[in-house]
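Trainee: Here is a sequence together with a model predicted from it:
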Amino acid sequence: MNTSEVHGDILIVDDMPANLRLLAQILTEHGYKVRPVRSGHHALKAAQAAPPDLILLDIVMPDMDGYEVCQHLKADERTRDIPILFISALGETEDKVRAFAAGGVDYVPKPFQPAEVLARVRTHLALRNLTRQLQEANAELARRVQELQERNEELDAFAHTVAHDIKSPLTIIAGYAELLDDGVPESTRKEYLQILRHGANRLVNIVDGLLLLASVRKLEILPEPLDMERIVNDACARLAHVIQEYQAEIVRPPQWPAAVGYAPWVEEVWVNYISNGCKYGGTPPRLELGYSMLGAEAEITFWVRDNGDGISPDDQARLFVPFTRLNQVSVKGHGLGLSIVRRIVEKLGGRVGVESAGVPGEGSLFYFTLPAAPSADNGWVTGSSHRMGMPVP
């Protein structure tokens, strides 16, 4: 590395004006930014206000000597890593040892030679630069190691959960396929085929979840204004067979506000919430879809309220868990899907959650937030069906 190219911000501390001028001139002529101060107290204030890259520090000063200044700097987290070069007329070995013991990195005796000062300044600034690079590289390495550890834990928990979810429908499919192979009456055969189709659909949903998770991990998307009415319509169309099977009533607002996000991912959130509402809502399920806003907030809360038995506080705490805790979740029908929902919404800059009193008939409210579209005319519409009595999480 060419140390002559390493420039920086240098604080010079000396109570003698002639020494300050000479050092400032030498360093300024070689491209360094120089800040001269004439006392230890001023040095501490200057270093704390804007930490320099290097400090040239005299020892003998009237108010606070260089040793004390150095000790104060090394005791302060903001300035402890700044290299300090002592420049002093004290030339005894004891003085040099004391300077290094206080935290100095070098010692230049007076009268000094400009070439020697420049050489030492360049060397220590180069070392300072290399130290910073090494610290940044170590921090990045530590971050990546932590990320790998979290991913390993996540994959273990995810594999456990997926294997458990896949095993159940596979067992059903294998069992009923064997019964069909043995020969059954036509009426029973139709029933068994329906069970087989249901098990196959569960497997397809698990695979779809895996593919979705892969896309959320890998894709870097640019959020765009969303046509929420179309997204909700598409989600309901995908769930038409589920809605029909459970005879669910879906209540939607007449209009939606303008949020930003990524339409395919937001559709998956609605699919998950509506599907769960159909399966675990009342009999028959009644799902109310809506949104909540307060004034000109930069965030919009979308939600699905069902009329089911509600969710206990203990179970609520186990919903939306990180993937590292999936194998600890035992809330019926939840876990993998809501963990994916959480991953999606957080990547879009929002939050997820649930509100429920755990009282039969009062149901639960599952919500997610998205940033509002940055527009003067935001499409925010008043309407009693989606505002009155709805909490703002």
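Mentor: Here it is on my side, so go on. Numbers count the residues shown, from 1 in each chain.

Trainee: for this structure, which spans come out with low pLDDT?
Mentor: Along the chain, segments meeting pLDDT under 70 span 1-6, 150-165, 168, 205-206, 209-215, 217, 294-297, 321-336, 375-393.

Trainee: tell me the domain ranges of it?
Mentor: Domain assignment for the chain by automatic domain parsing gives 3-112, 221-386.

Trainee: Quick one: closest of those to Lys190.
Mentor: The minimum distance between Lys190 and those falls on domain 221-386, with 15.9 Å, by C-beta to C-beta. (Glycine included, C-beta is placed from N, CA and C.)

Trainee: How far off centre is the closest one?
Mentor: 21 Å (C-alpha atoms, centre = their mean, to the nearest Å).

Trainee: quick one: contacts for Asn272?
Mentor: Gly337, Leu338, Ile340, Val341 (C-beta atoms under 8 Å, 6 or more residues apart in numbering).

Trainee: was I right about Gly290 contacting Phe302?
Mentor: Yes - using C-beta atoms under 8 Å, Gly290 makes contact with Phe302 at a distance of 7.5 Å.

Trainee: Which one's more surrounded, these two?
Mentor: The residue with more neighbours, out of Gly290 and Phe302, is Phe302; 24 against 21, by other C-beta atoms under 10 Å.

Trainee: That one belongs to a strand?
Mentor: Yes - assessed with DSSP: H, G, I helix; E, B strand; the rest coil, Phe302 lies in a strand.

Trainee: Excluding chain neighbours, what is closest to His30?
Mentor: Counting by C-beta to C-beta, 6 or more residues apart in numbering, Leu118 is the residue found nearest to His30 once chain neighbours are left out, at 6.2 Å.

Trainee: Could you measure from the one you found over to His124?
Mentor: Relative to His124, Leu118 is positioned 11 Å away (C-beta to C-beta, to the nearest Å).

Trainee: the more surrounded of those two?
Mentor: For Leu118 versus His124, neighbours defined as other C-beta under 10 Å are more numerous around His124 (20 against 17).

Trainee: doesn't that one fall inside a strand?
Mentor: No - applying three-state DSSP, one finds His124 to be helix, outside a strand.

Trainee: Spit out the contact partners of it.
Mentor: Leu54, Pro83, Leu85, Val105, Asp106.

Trainee: ditto for Met64
Mentor: With C-beta under 8 Å, 6+ apart, Met64 has these contacts: Ser39, Gly40, His41.

Trainee: residues touching the first one, list them.
Mentor: When you say that, I think you mean Ser39. Taking C-beta under 8 Å, 6+ apart, we find Ser39 in contact with Val13, Asp15, Met61, Pro62, Asp63, Met64.

Trainee: Please flag which of those residues sit within strands.
Mentor: Assigned to strands by DSSP state E, the following of the contacts of Ser39 qualify: Val13.

Trainee: Can you show me the strands along the protein?
Mentor: Secondary structure of the chain, counting by DSSP E: strands at 9-13, 33-37, 54-57, 84-88, 106-109, 224-225, 249-251, 260-261, 286-292, 299-305, 352-356, 364-371.

Trainee: Touching the fifth one from outside, list them.
Mentor: Right, strand 106-109. By C-beta under 8 Å, 6+ apart, strand 106-109 touches 83, 85-91, 96, 99-100, 116-117, 120, 124.

Trainee: Quick check: buried residues in that strand?
Mentor: Asp106, Tyr107, Val108 (16 or more other C-beta atoms under 10 Å).

Trainee: From Ala240, how far out is the first one?
Mentor: Per C-beta to C-beta, Asp106 is found 77 Å from Ala240.

Trainee: likewise the second one?
Mentor: Counting by C-beta to C-beta, the separation of Tyr107 from Ala240 is 82 Å.

Trainee: circling back to that earlier point, Provide a list of residues in contact with the residue nearest to His30.
Mentor: Leu118 sits next to Ile26, Leu27, His30 when contact means C-beta under 8 Å, 6+ apart.

Trainee: Do you have the helices of this protein handy? List them.
Mentor: Using DSSP state H, the helices found in the chain span residues 17-29, 40-49, 66-75, 93-102, 114-182, 186-218, 228-238, 240-246, 263-280, 313-316, 336-347.

Trainee: So for Pro371, which of these sits nearest?
Mentor: The closest of these to Pro371 is helix 336-347. By C-beta to C-beta, the value is 11.0 Å.
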